[in-house]
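Novice: Take this sequence and fold it.
(chains A and B)
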Amino acid sequence: NAGVTQTPKFQVLKTGQSMTLQCAQDMNHNSMYWYRQDPGMGLRLIYYSASEGTTDKGEVPNGYNVSRLNKREFSLRLESAAPSQTSVYFCASQGRLNTEAFFGQGTRLTVV
Amino acid sequence: ILNVEQSPQSLHVQEGDSTNFTCSFPSSNFYALHWYRWETAKSPEALFVMTLNGDEKKKGRISATLNTKEGYSYLYIKGSQPEDSATYLCAPKENTGFQKLVFGTGTRLLVSP
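Specialist: Presented below is the predicted three-dimensional model:
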């Protein structure tokens, strides 16, 4: 049972390049989230998906897009990467609303 | 977005000390409160999910209480150990629409041997 799997683990991009971060969960969870880790600010919510077929903005959505491809997969796309998007990105999934969320191992992204 | 405050921002204690931190949130429209433990270079892991006023949960030396009427939760660590060093995050959920998981900035705990 893999839980939440993120790919890639590490990525270096040049300013202006695009890329997609992949996330998949095998727990049949309805809800999925994308966060970024910022020093002194903890985890900030970028986008979330309450259920398959729905997505919504979080606290810091600018510069990102998401796709909930199916119940298992929730991808995060950077269309034109900027140095300000250098961060560690975490994907999480959650089953029923009063249950714990499970996190992937993170993707460390550097934009130069 | 729910206004969450965690205090203190950081804490440095000696091994064996007991410590506690606070998570404050608006008391109206409360739905649930999550606590997570986040070690450096790892992923956050859930400690507790609390829903009822007066709830008290315990996992080993870590316990948490919840006061939904006044809008706060305390996390206690008894006899801190170096392996307790981590950032502790709380995420209160509102009962409005979809109860998304939005975290406070966390309390960073360092336990010295």
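
Novice: Strands along chain A, start to end?
Specialist: A:4-7, A:10-13, A:19-25, A:31-38, A:42-49, A:56-57, A:64-68, A:74-78, A:87-94, A:101-103, A:107-111 (DSSP state E).

Novice: got these as CSV, with mean pLDDT and mean neighbour count columns?
Specialist: Where C-beta positions appear, they are placed from N, C-alpha and C, glycine not excepted. Shown next, in CSV, are these (pLDDT from 0 to 100; neighbours: other Cβ atoms under 10 Å in any protein chain shown):
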stretch, mean pLDDT, mean neighbour count
strand A:4-7, 97, 18
strand A:10-13, 96, 14
strand A:19-25, 97, 19
strand A:31-38, 95, 23
strand A:42-49, 94, 23
strand A:56-57, 95, 14
strand A:64-68, 97, 18
strand A:74-78, 98, 21
strand A:87-94, 97, 23
strand A:101-103, 97, 21
strand A:107-111, 96, 18
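
Novice: Quick check: the residue of chain A nearest chain B.
Specialist: Residue nearest to chain B within chain A: A:E100 (3.3 Å; Cβ to the nearest Cβ).

Novice: check contacts around that residue.
Specialist: Counting by Cβ atoms under 8 Å, 6 or more residues apart in numbering or on different chains, A:E100 makes contact with A:94, B:34, B:46, B:49.

Novice: try 6 Å
Specialist: Shown in contact with A:E100 (Cβ atoms under 6 Å, 6 or more residues apart in numbering or on different chains): B:46, B:49.

Novice: Chain B against chain A: which residues are in contact?
Specialist: B:1, B:32, B:43-44, B:46, B:49, B:51, B:89, B:98-103, B:105-106 (Cβ under 6 Å from any Cβ of the partner chain).

Novice: B:T107 is in contact with B:A86, isn't it?
Specialist: No. With contact defined as Cβ atoms under 6 Å, B:T107 does not count as touching B:A86 (9.4 Å).
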